[in-house]
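Chemist: Provided below are the primary sequence and the corresponding predicted coordinates.
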Amino acid sequence: MEGYLEDCLLNKVDLRRQWISQMVEEVQKVVHHLTTEISYQDFRFQAVPYCDTYNENIKVLAPSQFLVTVPMRGLAGYREARQQRWRYYSLRGARLPRPLQDPDGLQQWLEVEQFLKSPGQWHEADVNIEGDIVPAKVLQVFRKLVENAIETCRLSGRVRMLMDHLVVRVVVETSAGQVELQLTPSVDIPTAWSKKAQWPSCLKRWPSPETVQCIKSFGFSLLACSSYHWQLSFLRAEQVLLEQLDEDGGCRRKCFQALRQMKEDVWCPGTRPVITSYHLQTVLFWTCEKYPYPKDWQVFSRGFLRLVRKLHKCVSQHFLKHYFVRKSNLLQYASSRELDALAQTLAFFLKDPQISLP
């Protein structure tokens, strides 16, 4: 199995890297063009920069599914909310008889007063209700800006909006095929670490204390992708953790790449898979924490199968804890039918990995 998986890794992962790089290159040109126009029309939205190397605003969830975070401008000096309060407002302006549900897991409110600096535009009624910056209102403004930018930039032949009740999705035509983008406004908070992220747990050997300190220095972000609550995101911190995976000379990255390749080619293909690269990345982090020593990651086949077993356990139980916010289940809203089908596929693979490989 060792040699076969190694060959599969070297060949297919390299091809995937070239293919994805080409799509990211084309997509980021379009995104930069659109968001530059959006930024010109509305100060609160910042252009996504064009990068020759890694673009931290573009996350590849699957070969044809990207998450693009669009930074929002003007909010600085973040601090945690000092006190809780009930919210009785609705998006349409009517007062509710009962308060809105409090956020849980990866979600939180966002008050304009939580920032030491907040320009007047963030106090306007198009995004603000009773002192809260409301993600659904932000998305409503942003959707209209995206629609206008597609026309203004004359990109209607390459970019089209998808009908979605809340988040903003577009399809971009590239030379390698269509790519679906979720364009998500993001409040970046580089100066603090969320109190909801009680990480790391005590007495954990991975990652090292120095790495933990480095990761926390990158802060977190808040994404607009629901009605009332902002979603916590740690994309920068997670990328740093990925980059430092094999400082001890292990094969964690190779194992992760092989897992991702099998997921995309065999176990869970498609444009909107129930399991994305983000889920696999979380499986990797948990497995690295459970097996923290360099000796645990010297033999490729053992490391790879260790990740497959962890993935199988998670999809079988419909439960995968977020790595930083451990009270949040990343599979909470996933299709039970699709998870069960994937669990069965993984079980067959684990019975005989050699036969199941492509």
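Modeler: Perfect, I can see it now. Residues are numbered from 1 along each chain as shown.
Chemist: where are the low-confidence patches of the stretch 1-150 of the chain?
Modeler: Applying pLDDT under 70 to the predicted model, the residue ranges of the stretch 1-150 of the chain that meet it are 1-6, 8-10.
Chemist: Now do the strands in it.
Modeler: Per DSSP state E, counting those that start in this stretch, the stretch 1-150 of the chain has strands spanning 58-62, 65-71, 76-78, 107-108, 115-117, 128-129, 132-133. These are given in chain order.
Chemist: closest one to residue 151 among those strands?
Modeler: Each of the strands of the stretch 1-150 of the chain has some distance to residue 151 by C-beta to C-beta; the shortest is strand 65-71, at 18.2 Å. Yep, even glycine has a C-beta here, placed from its N, CA and C like the rest.
Chemist: quick one, the closest one and strand 58-62 angle?
Modeler: Computed with axes from the mean of the first three to the mean of the last three C-alpha atoms, to 10 degrees, the direction of strand 65-71 lies at 160 degrees from that of strand 58-62.
Chemist: So what are the sheet partners of strand 65-71 and their directions?
Modeler: strand 58-62 (antiparallel), strand 177-189 (parallel) (DSSP bridges).
Chemist: just so I know, which of the ones you listed lies nearest residue 112?
Modeler: strand 177-189 (11.0 Å).
Chemist: got the buried residues for the closest one?
Modeler: Within strand 177-189, the residues that count as buried by 16 or more other C-beta atoms under 10 Å are 179-189.
Chemist: got CSV for those, with distance to residue 107 and pLDDT too?
Modeler: Shown next, in CSV, are the buried residues of strand 177-189 (distance: C-beta to C-beta, whole Å; pLDDT from 0 to 100):
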residue, distance to residue 107, pLDDT
179, 28, 96
180, 24, 96
181, 23, 97
182, 17, 97
183, 20, 98
184, 14, 98
185, 15, 98
186, 15, 98
187, 13, 98
188, 17, 96
189, 15, 96
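Chemist: Name the stretch among the strands of the stretch 1-150 of the chain that sits most buried.
Modeler: Among these, strand 132-133 has the highest mean neighbour count (mean count of other C-beta atoms under 10 Å), at a mean of 24.
Chemist: List of residues touching that strand?
Modeler: With contacts defined as C-beta atoms under 8 Å, 6 or more residues apart in numbering, strand 132-133 is touched by 87, 89, 109-112, 122, 127, 187, 228.
Chemist: List just the nearest of those residues to residue 138.
Modeler: Residue 138 has its nearest neighbour among these in residue 127, at 5.1 Å by C-beta to C-beta.
Chemist: shouldn't the closest one be in contact with residue 134?
Modeler: Yes: in this structure, residue 127 is within contact of residue 134 by C-beta atoms under 8 Å, at 6.6 Å.
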